[in-house]
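1. whatever this is, show me its structure:
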Amino acid sequence: MLRLKTIISFIPRGVILADIGTDHAYLPIEVVQQGICNKVFACDLHPGPLEIAKKNIISAGLLNKIETRLGDGLSIIKPGEADCIVIAGMGGMRIWNIILEGIEQARQAKLILQPQHDVVLLRKNLHFAGFEILDEALVREKDHFYIVISAEYTGRAYLWSEREYFFGKYIIEKGGDDFIAFKKSEKDKIYAYISQINNDKALVSAKNRLEWLA
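-> From the prediction side, this is the model:
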């Protein structure tokens, strides 16, 4: 899966990793097998998936390197216990709430985030809270597009243009065929949205976005 490969490509070698919402622990197993990490916390809120994760870890012979933890968000790791935190496959605001509720843990680790939606709000909230967005990748799987974000806390203020928040500054800079396809997909969504709008302010905002997509 390209999404998984892209997330892994953002993880520095040698870090202690926490995978929040690990599901079946595919990512922890992969990073250990590739020699990227020697210690991973595979964390999940739900006992069922975590039990399957543990079975997968045992089957891979990696129980000495991957520790499963049951609990909500970042509450199950201590500040400084993980050098890198992955939160993937959730809505952007769910990801942001996890960061807020475990802000000390988040401030002491590199963050690798893969929001399913609300990407613009996540970018803005990261900047507002003093996190620098270091890099982003646009991932295309069939007709779906996903964003992977790398960020870390600096405590400094950051401000992008509305266009950069909408697309992602680094995604704009990288360009490419997938970005062109992504813009077309977004343009189609906005045209469909405009046909249903009866709010003047929302209509102006939607038309502004169409200009960015030209």
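
2. make it CA atoms for all contacts and neighbour counts henceforth
-> Will do.

3. can you show me the strands along this structure?
-> 16-20, 39-44, 66-70, 84-90, 110-115, 131-141, 144-153 (DSSP state E).

4. hmm, who's touching the least confident helix or strand in the chain by mean pLDDT?
-> Counting by mean pLDDT, DSSP states H and E, the chain has its least confident helix or strand at helix 200-212, which shows a mean of 73. Under the contact criterion CA atoms under 8 Å, 6 or more residues apart in numbering, helix 200-212 has outside partners 163, 187, 190, 194, 197.

5. how's this structure carved up into domains?
-> 2-159, 176-214 (automatic domain parsing).

6. of these, which approaches Lys169 most closely?
-> Smallest distance to Lys169 across the domains of the chain (CA to CA): 8.1 Å, for domain 2-159.

7. tell me, how many residues neighbour the residue nearest to Ile190 when sequence neighbours are not counted?
-> Among residues not flanking Ile190 along the chain, Ala206 sits closest, at 6.5 Å (CA to CA, 6 or more residues apart in numbering). Ala206 has 17 neighbouring residues, counting by other CA atoms under 10 Å.

8. with Ala157 instead?
-> Counted with other CA under 10 Å, the neighbours of Ala157 add up to 12.

9. quick one on the thing from earlier: right, and the strands of the chain - which one's nearest Asp177?
-> Comparing the strands of the chain by their distance to Asp177 (CA to CA), the top pick is strand 131-141, with 10.1 Å.

10. counting contacts, what elements does that closest one pack onto?
-> Strand 131-141 sits against helix 2-9, helix 119-128, strand 144-153, helix 169-174, helix 177-194, with contacts defined as 3 or more CA pairs under 8 Å, 6 or more residues apart in numbering; DSSP states H and E.

11. ok, of these, where does mean pLDDT dip lowest?
-> Lowest mean pLDDT within the helices and strands packed on strand 131-141: helix 177-194, a mean of 84.

12. could you export it as PDB, CA atoms only?
-> Backbone C-alpha positions of helix 177-194 (Å, rounded to 0.1, in the frame of the first residue of the first chain) are rendered in PDB as follows:
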ATOM      1  CA  ASP A 177       0.900  14.500 -12.300                       C
ATOM      2  CA  ASP A 178      -0.800  13.500  -9.000                       C
ATOM      3  CA  PHE A 179      -1.100  17.100  -8.000                       C
ATOM      4  CA  ILE A 180      -2.700  18.000 -11.300                       C
ATOM      5  CA  ALA A 181      -5.100  15.100 -10.900                       C
ATOM      6  CA  PHE A 182      -5.800  16.200  -7.300                       C
ATOM      7  CA  LYS A 183      -6.600  19.700  -8.400                       C
ATOM      8  CA  LYS A 184      -9.100  18.400 -11.000                       C
ATOM      9  CA  SER A 185     -10.700  16.200  -8.300                       C
ATOM     10  CA  GLU A 186     -11.100  19.200  -6.000                       C
ATOM     11  CA  LYS A 187     -12.400  21.400  -8.800                       C
ATOM     12  CA  ASP A 188     -15.200  18.800  -9.500                       C
ATOM     13  CA  LYS A 189     -16.100  18.800  -5.800                       C
ATOM     14  CA  ILE A 190     -16.300  22.600  -5.600                       C
ATOM     15  CA  TYR A 191     -18.500  22.800  -8.700                       C
ATOM     16  CA  ALA A 192     -20.900  20.300  -7.200                       C
ATOM     17  CA  TYR A 193     -20.800  22.300  -3.900                       C
ATOM     18  CA  ILE A 194     -21.500  25.600  -5.700                       C
END
